[in-house]
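J.: Coordinates for the following, if possible.
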Amino acid sequence: MQATKSYTISKQVVLEAYKRVRAKRGCAGVDEETISDFENNLKDNLYKIWNRMSSGSYPPPAVKVVEIPKSDGKVRSLGIPTVSDRIAQMVVKMYLEPKVDPVFHEDSYGYRPNKSEVEALGVTRKRCWEYDWVLH
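T.: Sure thing, here's the model as predicted:
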C-alpha cells in the first residue's frame, strides 16, 4: 500500500502546536491576521497547515519586518511570521527537538530547552575558579 502523504504528521501535534503559539500570543504577521482572526476558522486553518506540511507542499509566507530601537540609537530588524507559520514552525520544533537535542554537547546553551544564558555564565564562572586556562 502506498502512503497518501509524504510526511507523517499528526493532527494532534498540529493542534498542540497551535495551543503553544496561542499561549505565547504575539502580533499579526505580514498578512495582518491575528490569533483571534485565525481562530474564526480554526478547524479549516489547522487542517490547511496539516495538509500542506504532511504533503510536503507547505509554502512559508513572507515575514513582517519590524524595526526595534536599540539603546545606542540604532535599530535592529525583527521578523514576525504569520500565525500559520508560527504554528508550522512549532510543529517542526516538536518533531525535531527531541531527536536532535540529545546529540548536542552538554555545554551547548544556545536555543536549547531548559538551558539559559544565565546558566551558561554560571558554569563559566565556576570553571574559571577550577582552571587556569580558557579555550575560545
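
J.: Quick one: list the elements packing against the lowest-mean-pLDDT helix or strand in the chain.
T.: Every helix and strand of the chain was ranked by mean pLDDT, DSSP states H and E. The lowest is helix 117-130, at a mean of 86. Packing partners of helix 117-130 (3 or more Cβ pairs under 8 Å, 6 or more residues apart in numbering; DSSP states H and E): none among the helices and strands. To be clear about C-beta, it is placed using only N, CA and C from the backbone, and glycine gets the same treatment.

J.: Tyr7 reaches Met53, doesn't it?
T.: Yes: with contact defined as Cβ atoms under 8 Å, Tyr7 counts as touching Met53 (6.6 Å).

J.: Who has more neighbours out of these two?
T.: Remark: of Tyr7 and Met53, Met53 carries more neighbours, 21 against 11, as counted by other Cβ atoms under 10 Å.

J.: Just the CA trace of the helix or strand encompassing that one, in PDB.
T.: Using DSSP states H and E, Met53 falls within helix 42-55. Coordinates of each C-alpha in helix 42-55 appear next as PDB, following Å, rounded to 0.1, in the frame of the first residue of the first chain:
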ATOM      1  CA  LEU A  42      -9.700  27.400  13.400                       C
ATOM      2  CA  LYS A  43     -10.600  23.900  12.100                       C
ATOM      3  CA  ASP A  44     -10.000  24.700   8.400                       C
ATOM      4  CA  ASN A  45      -6.900  26.800   9.200                       C
ATOM      5  CA  LEU A  46      -5.300  23.900  11.200                       C
ATOM      6  CA  TYR A  47      -6.400  21.400   8.500                       C
ATOM      7  CA  LYS A  48      -4.600  23.500   5.800                       C
ATOM      8  CA  ILE A  49      -1.400  23.600   7.900                       C
ATOM      9  CA  TRP A  50      -1.600  19.900   8.500                       C
ATOM     10  CA  ASN A  51      -2.400  19.000   4.900                       C
ATOM     11  CA  ARG A  52       0.300  21.200   3.400                       C
ATOM     12  CA  MET A  53       3.000  20.100   5.800                       C
ATOM     13  CA  SER A  54       2.200  16.400   5.600                       C
ATOM     14  CA  SER A  55       2.100  16.500   1.700                       C
END
